[in-house]
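Q: Structure of the sequence below:
(2 chains)
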2 protein chains.
Amino acid sequence: MPESPIRKLVPYAEDAKKRGVEVFHLNIGQPDIETPEAALQAVKENDIKILSYARSEGSEEYRKKLSQYYGKNDIEVDHDDIIVTTGGSEALLFTLGSVTDFGDEIIIPEPFYANYNGFSVANGIKVVPIVSGIEDDFALPPIEDFEKLITDKTKAILICNPGNPTGYLYSREELEKLKELVLKHDLFLIADEVYREFVYDGIKHHSILSLDGMEEHGIVIDSVSKRYSMCGARIGCIVSKNKNLIQTALKYAQARLSSPSYALLASEAALETPSSYFENVIEEYDARRNVLIEELSKIEGIKVSRPKGAFYCIAQLPVKDADDFAQWMLEKFSDNNQTVMVAPASGFYSTPGSGKNQIRIAYVLKKESLIRSVELLKLALEQYTD
Amino acid sequence: MPESPIRKLVPYAEDAKKRGVEVFHLNIGQPDIETPEAALQAVKENDIKILSYARSEGSEEYRKKLSQYYGKNDIEVDHDDIIVTTGGSEALLFTLGSVTDFGDEIIIPEPFYANYNGFSVANGIKVVPIVSGIEDDFALPPIEDFEKLITDKTKAILICNPGNPTGYLYSREELEKLKELVLKHDLFLIADEVYREFVYDGIKHHSILSLDGMEEHGIVIDSVSKRYSMCGARIGCIVSKNKNLIQTALKYAQARLSSPSYALLASEAALETPSSYFENVIEEYDARRNVLIEELSKIEGIKVSRPKGAFYCIAQLPVKDADDFAQWMLEKFSDNNQTVMVAPASGFYSTPGSGKNQIRIAYVLKKESLIRSVELLKLALEQYTD
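A: Okay, here's the model as predicted:
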């Protein structure tokens, strides 16, 4: 198993805190947004006496409510097209296990969410990266580049939309191109859409399952973690019209028996969250994004991709080795007893040497903290010597 | 993925209920015992505002309390020897992934918990069964039989103690023999000890980690599910003094980010459960076991193994095909609009054709229900024709 790249710096951050240094955490996707009240209340007011197993695939009631949620998002699915999982992580683990055999390959545009590597290793499959560039904000690579990488071992293409760590939002045209590609080569298109609601600039998110003809080829990975700021719930799901996929995923679900019951209560209640909650949250993230990009752009030598969704962005720094720089900020740098922790982007690439001068910034802190964080980054860059 | 054998009959049980037939569920290990009040209260009184990720390996506080719990059970471990997991299922999945490569083998005395198959398939490894017999209540097979099965691909021996589905409790002498075997061949001994507390007749449970010299070779799989009647919590752990194993399992844990936060609250509080709770629960299970065995023994042609632990027993029926018989009881049989659901034991064997005339009975119902269930079983056997 590869080590999670975000974790490597954790001991240095702990040491900094022991020295009394305040660390601004731009390194992780743990939002500071409050969980919807309905979800919290459902758990507080539970009348469980025996904390029993839940149904392996999730209760029919919850899945029916989920299918209504998807209907509102232009995804026409039945409750039978849904397997409830223990987080988006498990949804991806089961999906990869279901569509591949040992030694098979999946193509993923890089940079990509680092744990895709872990789930692939756990399933004995090979990740084939396809490079997307900061120059065009990490847009979809040319379809010809995908075709060059497809072998008889390729089983699926995996995208994250909107993207972690890039913040890129695929257009309908890009998704149509991917659809044609997977239909032509009889592959699965797996889309991690856990950040679906978090899109900005009035642009609409398109699910791969809203495209005609994706019934047998499209698989959506979903999660309540970011949507309702419920990362600790560990509830997600697999959505697909492909009956074979759902049946195989169900066997994985049955082998682990059940998702966590309290979290299921919270997740079902979370579906009642009023739209005003999302309006406020998205307004807040949008404002944070704008501040972050504006402040970063003032720093000489930094190139930053403007995210259209999620709450991450990739920044290219005027340093040779962002891993070393990020560690140095925790080990050696502080201003007014404060420093900042970022995720070196190299861990989001699987092509060796790629992204060495890039970092991922999660804009999950309040505006003032973001402004101060960028100021710290600027000061650090001025003091740092390769 | 193999289908869970217990699930095959679920649609027949659902049909029976639709016809208005009451079904006594002796087929699953979902206890009817109430969860300890301390655990339930901890969740009801939580003051969580943001349901955040928990630490991947579990909080230091919880693991320290767990190490105290283990200390009381003759298992001397530090909090660093523990990785908190999402149920015993995940503990086993991570452990098998950590100690094997694709194509490796693990030896498991059969009959064994059916999902061991699923986790093995998910990890691309081969289960090598070693037969234990109902004649001696499923005691440990001779060590020579193990040695015949060990190849250069064998990485571990997996036992469940006390056993699901057998109820067998390994003696200290048996565990010492296994210890010598794994030390001689440099294998891991993995013990699923989730039923540790549920032992009867005044016999003591011995953990493999209470034996001297198991530091590098012993791995305990544990769970709160049965101990505190918290199957729906989905909290378990891996316990081992082997640092490499713990480091590898930690990477699996980090890839899936976190165990469920609410359930962690409940599980930590559950450690405060007074010993009177267990005394009552064990007394109840013991009484149920005695009633079940007594009633079963009255039926002509039934051979039943007397369980010393857990809450299952294997019964051998005077039928050729217990799968067919169990299905028939749900489809065709009823008395006074009642019938009984059992788990055909063939699903707990991986040697083809083994256990065809056996069933597993979970004594998770009240005494009166057990008595009526056995009565129904008796009537069904009288009416059933192969």
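
Q: okay, now A:L92: neighbour count?
A: 29 (other Cβ atoms under 10 Å in any protein chain shown). The way it works is simple: take the backbone N, C-alpha and C, and place the C-beta from them, glycine included.

Q: Give the rounded mean pLDDT of the helix or strand hosting A:A191.
A: Following DSSP states H and E, one finds A:A191 within strand A:188-192. The average pLDDT within strand A:188-192 is 98.

Q: got a list of contacts for that strand?
A: A:88, A:92, A:95-96, A:99, A:106, A:113, A:155-161, A:164, A:178-179, A:182, A:207-209, A:214, A:217-221, A:242, A:245 (Cβ atoms under 8 Å, 6 or more residues apart in numbering or on different chains).

Q: Now, those residues that are in helices?
A: Applying DSSP state H to the contacts of strand A:188-192, the entries found in helices are A:88, A:92, A:95-96, A:99, A:178-179, A:182, A:245.

Q: For the residues you listed, give me JSON lines that also has distance to B:S52 and pLDDT.
A: Listed next are the ones in helices among the contacts of strand A:188-192 as JSON lines, based on distance: Cβ to Cβ, whole Å; pLDDT from 0 to 100:
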{"residue": "A:G88", "distance to B:S52": "16", "pLDDT": "97"}
{"residue": "A:L92", "distance to B:S52": "21", "pLDDT": "97"}
{"residue": "A:T95", "distance to B:S52": "25", "pLDDT": "97"}
{"residue": "A:L96", "distance to B:S52": "26", "pLDDT": "96"}
{"residue": "A:V99", "distance to B:S52": "31", "pLDDT": "97"}
{"residue": "A:L178", "distance to B:S52": "34", "pLDDT": "98"}
{"residue": "A:K179", "distance to B:S52": "36", "pLDDT": "98"}
{"residue": "A:V182", "distance to B:S52": "36", "pLDDT": "98"}
{"residue": "A:L245", "distance to B:S52": "32", "pLDDT": "98"}
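
Q: and the residues you listed near chain B, which?
A: By Cβ under 8 Å from any Cβ of the partner chain, no member of these lies near chain B.

Q: So of those, which two are at opposite extremes in space?
A: Spatially, the most separated pair among these is A:G88 and A:K179, at 22.2 Å (Cβ to Cβ).

Q: Output the set of residues of the stretch 1-150 of chain A in proximity to chain B.
A: So the stretch 1-150 of chain A meets chain B at A:1-4, A:7, A:30-35, A:39-40, A:43-46, A:48-54, A:86-87, A:89-90, A:93, A:97-98, A:102, A:115, A:118-119, A:122-124 (Cβ under 8 Å from any Cβ).

Q: need the helices for the stretch 201-350 of chain A, in chain order.
A: A:243-255, A:261-270, A:275-297, A:322-331 (DSSP state H, counting those that start in this stretch).

Q: swap that for the stretch 1-150 of chain A, sorry
A: So, for the stretch 1-150 of chain A - with DSSP H, counting those that start in this stretch - the helices run A:10-18, A:37-44, A:60-72, A:87-99, A:115-122, A:143-149.

Q: which one of those has the lowest average pLDDT?
A: When I compare the helices of the stretch 1-150 of chain A, helix A:115-122 is least confident, with a mean of 90.

Q: Give the other helices and strands that that one contacts.
A: Packing partners of helix A:115-122 (3 or more Cβ pairs under 8 Å, 6 or more residues apart in numbering or on different chains; DSSP states H and E): helix A:87-99, strand A:126-131, helix B:243-255.

Q: Outside of the second one itself, list whatever touches it.
A: So that's strand A:126-131. For strand A:126-131, using Cβ under 8 Å, 6+ apart, the contacting residues are A:103-110, A:112, A:116-117, A:120, A:141, A:145-146, A:149, A:153-154, A:349-351, A:354.

Q: now do the first one
A: For helix A:87-99, the external contacting residues (Cβ under 8 Å, 6+ apart) are A:83, A:85, A:106, A:115-116, A:119-120, A:122-123, A:125, A:155-156, A:188, A:190, A:192, A:194, A:219, A:221-223, A:225, A:233-238, A:245, A:248-249, A:252-253, A:256, B:1, B:122, B:255-258.

Q: Let me know the angle separating that helix from helix B:115-122.
A: Angle of helix A:87-99 versus helix B:115-122, following axes from the mean of the first three to the mean of the last three Cα atoms, to 10 degrees, is 80 degrees.

Q: roughly how far is helix A:87-99 from the heart of the chain?
A: In this view, helix A:87-99 has its centroid 14 Å away from the chain centroid, taken as Cα atoms, centre = their mean, to the nearest Å.

Q: in it, what's buried?
A: For helix A:87-99, burial by neighbour count (16 or more other Cβ atoms under 10 Å in any protein chain shown) applies to A:87-99.

Q: And the pLDDT at A:P5?
A: The predicted local confidence for A:P5 is 66.

Q: can you pull the contacts of the nearest residue to A:P129 once chain neighbours are set aside?
A: Of all residues not flanking A:P129 in the chain, A:E110 sits nearest, at 4.0 Å (Cβ to Cβ, 6 or more residues apart in numbering or on different chains). Neighbouring residues of A:E110 by Cβ under 8 Å, 6+ apart: A:129-132, A:348-351, A:354-355.
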